[in-house]
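# Generate coordinates for the sequence data below:
(chains A and B)
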Amino acid sequence: MRQDHLITATQLSRDDIEAVLDRARRIAADPAAFADRHAETVLALCFFEPSTRTKMSFDTAAKRLGADTIDMGTVESSSVTKGESLADTVRVIEGYADAIVLRHPSEGAATLAAEFVDVPVINAGDGAGQHPSQTLLDLYTVRENHGLDGLTVGIMGDLKYGRTVHSLAAALTNFDVNQHFISPDSLRLPRSVRFDLHEAGAQLREHTDLEDVLPELDVLYVTRIQKERFPDENEYHRVAGQYRIDAGTLADAREDLIVMHPLPRVDEIAADVDTSGHARYFEQAHNGVPVRMALLDTLLEGTQ
Amino acid sequence: MSDHELRVSKIRNGTVIDHVEGGQALNVLAILGIDGSEGLGVSIGMNVPSDRLGRKDVVKVEDRELSSSEVDVLSLIAPEATINIIREFDVVEKNRVIRPTHVSGVLSCPNRNCITNAGEPVETEFAVVGNGVRCGYCSTIIRDDIAAHIDV
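Numbering: from 1, shown residues only, chains lettered A, B, ... in the order given. You can find the predicted model right below:
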């Protein structure tokens, strides 16, 4: 990877992705070999929105590379409440840290931050925009189970606002993958993501019913449909109910179908899927550490 | 003497922006940042008959020669526009607007959740793509009624 920052999955080539995933595999096989690689490094965790998995796995990844982390804390406890701009915040933090992991509720926040600092910025989620480090661990999980070519992948749920979906769909265009998008009409992929897929030569196959495509799938990537996306709570319950899966739903699936989810799930995947042999979402979450170690190692290597 | 010249007099020196789509003249001035406060003589003809467009607008700016970098952004709302540089009442240069690759600071992003709408110290930046423009920050694509997003 020759970029200074990781802002969007559309910036990633196949070679970039494979290099990070290869490094993650080496790290997973022998984490001790990477333990002191970044002993003098400080990573800033700037989360303007709540996060559990992403923040903790970046924290863990940095520490397992021998680096230290500094945490901005909650927005309520920071100078953001005094009206400080993001541009000022990251310029100050640049003086404290060697790289910045940024989560922000506004789309484009990481792009803006990268314009104001010289240290690497990693987009850990910008509103309904992108979440490229999640995509790397998603691809790692897919690759460890099925490889990354000759696959049929179904992405289901909130495709309009789901940043993990936007990044994953873009990254998958680097591989020989048929992508199917399953969602209610009101939550179809946004125009910008459709544009990128079209530009990348990908064919857009959209469905409102999972059963139309389930038997073909090697991977089913489920995302949460959030209540706040619907003005009417009854409408939310009606729509969300159509995109829940349980072990019975998967009866028509291939035996080696893997079910993934960026987590947290609420009730879109029933607990009986956990033991069905299809579930990979906890493995996926655990892969966040070696993949983010590989990502940090790659980006920090370029600064040394 | 054509109909629009009867309504809007010739200028001695400056720029005539012709073949602007009817109704867009005020947006042309907005994009160019001309609001009268700079003291330039400005004449506008709106919805004058045109063989090519049916109805067109004409904007004449006295004593200022607009460069191509200034006017190319007009192609987003007036793709047929022609730019005539006038010296001593003669047209000394006549150019069509050319679609730029990027537009900085002219449009506002319609995505309310875009970071450019959060009071940050940056200009908007749009890439010109296909038949629209795309926000360089949040990737939102505007295809319809680009003029409605002019923010100057």
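# Check chain B for its longest helix and report it.
Taking DSSP state H as the criterion, chain B has its longest helix at helix B:25-32.
# Show me what that helix packs onto, helices and strands only.
Counting contacts by 3 or more Cβ pairs under 8 Å, 6 or more residues apart in numbering or on different chains; DSSP states H and E, helix B:25-32 packs against strand B:42-50, strand B:54-62. In short, each C-beta sits where N, CA and C put it, glycine included.
# Could you dump these into a markdown table and include mean neighbour count, distance to residue A:102 and mean pLDDT?
Converted to a markdown table, the helices and strands packed on helix B:25-32 look like this (neighbours: other Cβ atoms under 10 Å in any protein chain shown; distance: least, Cβ to Cβ, whole Å; pLDDT from 0 to 100):
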| stretch | mean neighbour count | distance to residue A:102 | mean pLDDT |
| --- | --- | --- | --- |
| strand B:42-50 | 17 | 45 | 92 |
| strand B:54-62 | 20 | 44 | 94 |
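# Take these and lay them out in CSV including distance to residue B:36.
Compiled in CSV, the helices and strands packed on helix B:25-32 are given as follows (distance: least, Cβ to Cβ, whole Å):
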stretch, distance to residue B:36
strand B:42-50, 7
strand B:54-62, 11
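# Of all these, which one is nearest chain A?
With Cβ to the nearest Cβ as the measure, strand B:54-62 is the member of the helices and strands packed on helix B:25-32 nearest chain A (29.9 Å).
# The closest one to helix B:25-32, inter-axis angle?
With axes from the mean of the first three to the mean of the last three Cα atoms, to 10 degrees defining the directions, strand B:54-62 sits at 40 degrees from helix B:25-32.
# Pull the distance from the helix or strand that strand B:54-62 is followed by to the chain's centre.
Downstream of strand B:54-62, the next assigned helix or strand under DSSP states H and E is helix B:68-71. Relative to the mean C-alpha coordinate of its chain, helix B:68-71 is positioned 9 Å out (Cα atoms, centre = their mean, to the nearest Å).
# Equivalent analysis for stretch A:98-116, please.
With Cα atoms, centre = their mean, you get 15 Å for stretch A:98-116.
# returning to what we had before: and the average pLDDT for the longest helix of chain B is what?
On average, the pLDDT along helix B:25-32 is 90.
# Switch the helices and strands packed on helix B:25-32 over to JSON lines; also include distance to chain A.
Formatted as JSON lines, these follow (distance: least, Cβ to the nearest Cβ, whole Å):
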{"stretch": "strand B:42-50", "distance to chain A": "32"}
{"stretch": "strand B:54-62", "distance to chain A": "30"}
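# Let me know which of the ones you listed is the nearest to residue A:285.
strand B:54-62 (58.7 Å; Cβ to Cβ).
# Chain neighbours aside, what residue packs nearest to residue 149?
In the absence of a named chain, chain A is used. residue A:176 (4.1 Å; Cβ to Cβ, 6 or more residues apart in numbering or on different chains).
# wrong one, chain B
Leaving aside its sequence neighbours, residue B:149 sits nearest to residue B:107 (Cβ to Cβ, 6+ apart; 4.6 Å).
# burial measure for that neighbour, as a count.
Applying other Cβ atoms under 10 Å in any protein chain shown, we find 24 other residues in the vicinity of residue B:107.
# Next up, the contacts around it.
Contact analysis of residue B:107 by Cβ atoms under 8 Å, 6 or more residues apart in numbering or on different chains lists B:124, B:126, B:133, B:142, B:146, B:149-151.
# among those residues, who's most crowded?
Among the contacts of residue B:107, residue B:126 has the most neighbours (other Cβ under 10 Å), with 28 neighbours.
# Touching, that residue and residue B:136? I think so.
Yes: Residue B:126 is within contact range of residue B:136, at 6.4 Å (criterion: Cβ atoms under 8 Å).
# For chain B, which residues score under the pLDDT cut-off?
Across chain B, the ranges flagged by pLDDT under 70 are B:1-8, B:152.
# Around chain B, which positions in chain A sit nearby?
A:85-87, A:104-109, A:111-112, A:115, A:126-129, A:191-192, A:195-196 (Cβ under 8 Å from any Cβ of the partner chain).
# how does the chain divide into domains?
You didn't pick a chain, so chain A it is. Annotated domains of chain A cover A:9-127+A:288-301, A:132-285 [automatic domain parsing].
# nope, chain B
B:14-96, B:102-149 (the TED database).
# Quickly compare those domains and say which is most buried.
Compared across those, domain B:102-149 shows the largest average neighbour count, a mean of 19 (mean count of other Cβ atoms under 10 Å in any protein chain shown).
# does the closest residue to residue B:65 other than its chain neighbours count as helix, strand or coil?
Among residues not flanking residue B:65 along the chain, residue B:85 sits closest, at 5.2 Å (Cβ to Cβ, 6+ apart). Of the three states, residue B:85 takes strand under DSSP: H, G, I helix; E, B strand; the rest coil.
# give the contact list for residue B:85.
Per Cβ under 8 Å, 6+ apart, neighbours of residue B:85: B:15, B:65-66, B:91-94.
# Just name the closest of those to residue A:12, please.
Using Cβ to Cβ, residue B:66 is the member of these that lies nearest residue A:12, at 41.1 Å.
# quick one, what contacts that closest one?
B:15, B:17, B:32, B:83, B:85.
# Alongside chain A, which residues does chain B contribute?
B:111, B:113-122, B:129-130, B:134-141, B:143.
# at 10 Å instead, please
Residues of chain B lying close to chain A (Cβ under 10 Å from any Cβ of the partner chain) are B:109, B:111-122, B:125, B:129-130, B:132, B:134-143.
# Which of the residues you listed fall within helices?
Assignment to helices by DSSP H places none of those there.
# Now list the buried members of the residues of chain A next to chain B.
Buried members of the residues of chain A next to chain B, counted by 16 or more other Cβ atoms under 10 Å in any protein chain shown: A:85-87, A:104, A:106-109, A:111-112, A:115, A:126-129, A:192, A:195-196.
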